[in-house]
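A.B. asks: quick check, what structure comes out for this input:
(one chain, ligands or ions: 2)
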Amino acid sequence: MNPLRYRRIVVKLGTSVLTSGSPKLNRAHMVELVRQMARLRQAGCEIILVTSGAIAAGREHLGYPTLPDSLASKQMLAAVGQSQLIRTWEQLFNLYNLNVGQILLTRADLDDRERYLNARDTLNALLDHGIIPVINENDAVAIAEIKVGDNDNLSALAALLAEAELLMLLTDQPGLFDADPRSNPDAKLIPEVQHIDDSLRRLAGGSGTNLGTGGMATKLQAADVARRAGVEVVIAAGHAEGVIEGLTRGEAIGTRFPALACPLDGRKRWILAGPPPAGTLHLDSGAVRALVEKGSSLLPKGITAVEGDFSRGCTLLLKDPEGHLIGRGITRYGATDLRRLAGQHSNAIETLLGYSYGTVAIHRNDLVVL
Ligand SMILES: Nc1ncnc2c1ncn2[C@@H]1O[C@H](COP(=O)(O)OP(=O)(O)O)[C@@H](O)[C@H]1O
Ligand SMILES: N[C@@H](CCC(=O)OP(=O)(O)O)C(=O)O
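C.D. replies: Ligands and ions are numbered 1, 2, ... in the order given. Next up is the predicted model:
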């Protein structure tokens, strides 16, 4: 089979894969993973590595100190461990004459469109020079407000940034099961997922260990974001022999999430990936139909309630009358204005506010329907 079925892939390695369930990095296993990635690279496939393991590596390097369960302790471990981690990746890739470039991100780096584009340019420059980008969250400085929080979602953002074709979420289980296989030995692997809905989300539990973050729940969130942007996603076991190469050849391993048919364009990818929502607009059923079925802009008339305190240019969540999330978009009016405009006809905007930024609350170009 053709090994170049995918031109650009993101490989996300969870702590569970890098430590093999032990409290320290399993370097022998990391060598095997690098061997596979190097072979693919040499065959012309561009690889972006999203690596967890900084906190585990820091704990190992400091001799497993007993620390309070505080953010500062974790940040200290991440600061120590990240340099151990990148050094290990660097040494291993150098065995194959490949260089690595470290990118440490927080959500704040992706919020602003210009910073998002800068990060994208750096990623592309590394790839253009045959260098393997090695990405982790900047745990040492990130506090809750600016954190992505888990590397599953971070890897989806990396896949969007890089316009990758395939995202591999490699973990300690062979894929997504119909129940957590740690506690349900009869659980069955789900080979393919077409729709990510609430019933599927209920199957996906948290991490089974205290080293991993998020478990299958964050892997599903990541898959949901990436496939909307046209990226195919697969969850598979990182310890399975030849897994990275096999997945790149399109072999039926793990749980596959085919990419949605109509990928979003660049700006809409950023709306999906970048800014955290600053509020919520509740819409009536007519507005929901206009957005979902006709691809229209959102008019103030269709807004029934406004939650949050936000200004013009912020990203908002859009919900239908039942409270289901139907999209996200960038508002042309701040919260105070929208509270006045909700339910009103667009030609009353000037009279109600004394000024106007146009007839729509959210323009269709600034809107992603989910
Ligand atoms: N439905 C499910 N199918 C598979 N694994 C599940 C499921 N629900 C919860 N899990 C747990 O998710 C864990 C993997 O997530 P996590 O510990 O965060 O790993 P990683 O470090 O690779 O991100 C598994 O070990 C498993 O216990
Ligand atoms: N950024 C953290 C890992 C966060 C995370 O999501 O971990 P995991 O669930 O193992 O992928 C670290 O390097 O330790």
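A.B. asks: show me what contacts Leu298?
C.D. replies: By Cβ atoms under 8 Å, 6 or more residues apart in numbering, the contact list for Leu298 reads 281, 283, 287, 290-291, 318, 329, 360-362, 367. Using the backbone N, CA and C atoms, a C-beta is placed for each residue, glycine as well.
A.B. asks: so of those residues, which ones are in strands?
C.D. replies: 281, 283, 318, 329, 367 (DSSP state E).
A.B. asks: so what's the residue count around the closest residue to Ile244 other than its chain neighbours?
C.D. replies: In this structure, Ile244 finds its nearest non-sequential neighbour in Gln36, 4.1 Å apart by Cβ to Cβ, 6 or more residues apart in numbering. Number of residues near Gln36 (other Cβ atoms under 10 Å) recorded here: 19.
A.B. asks: can you check Asp265 too?
C.D. replies: 11.
A.B. asks: can you pull the pLDDT of it?
C.D. replies: According to the prediction, Asp265 has pLDDT 84.
A.B. asks: likewise for Pro3?
C.D. replies: Note for Pro3: predicted pLDDT of 52.
A.B. asks: re the thing from before, out of the ones in strands among the contacts of Leu298, which comes closest to ligand 1?
C.D. replies: Leu318 (28.9 Å; Cβ to the nearest ligand atom).
A.B. asks: show me the contacts for the residue nearest to the closest one when sequence neighbours are not counted.
C.D. replies: Nearest residue to Leu318, sequence neighbours excluded (Cβ to Cβ, 6+ apart): Gly327, at 4.4 Å. Residues counted as contacts of Gly327 (Cβ under 8 Å, 6+ apart) are 291, 317-318, 367-370.
A.B. asks: drop anything exposed from the residues you listed.
C.D. replies: Buried by 16 or more other Cβ atoms under 10 Å: 291, 317-318, 367-369, out of those.
A.B. asks: which outside residues touch stretch 88-104?
C.D. replies: Applying Cβ under 8 Å, 6+ apart, the external contacts of stretch 88-104 come out as 25, 27, 30-31, 34-35, 37-38, 41-42, 49, 51, 57, 82, 86, 119, 122-123, 126, 130-138.
A.B. asks: buried subset of those, written for PyMOL?
C.D. replies: Per 16+ other Cβ under 10 Å, the buried members of the contacts of stretch 88-104 correspond to this PyMOL selection:
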select buried, resi 25+30+34+35+37+38+41+49+51+57+82+86+119+123+126+132+133+134+135+136+137+138
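A.B. asks: the contacts of stretch 88-104 also near ligand 2: which ones?
C.D. replies: Filtering those for proximity to ligand 2 (criterion: Cβ under 6 Å from any ligand atom) leaves 136-137.
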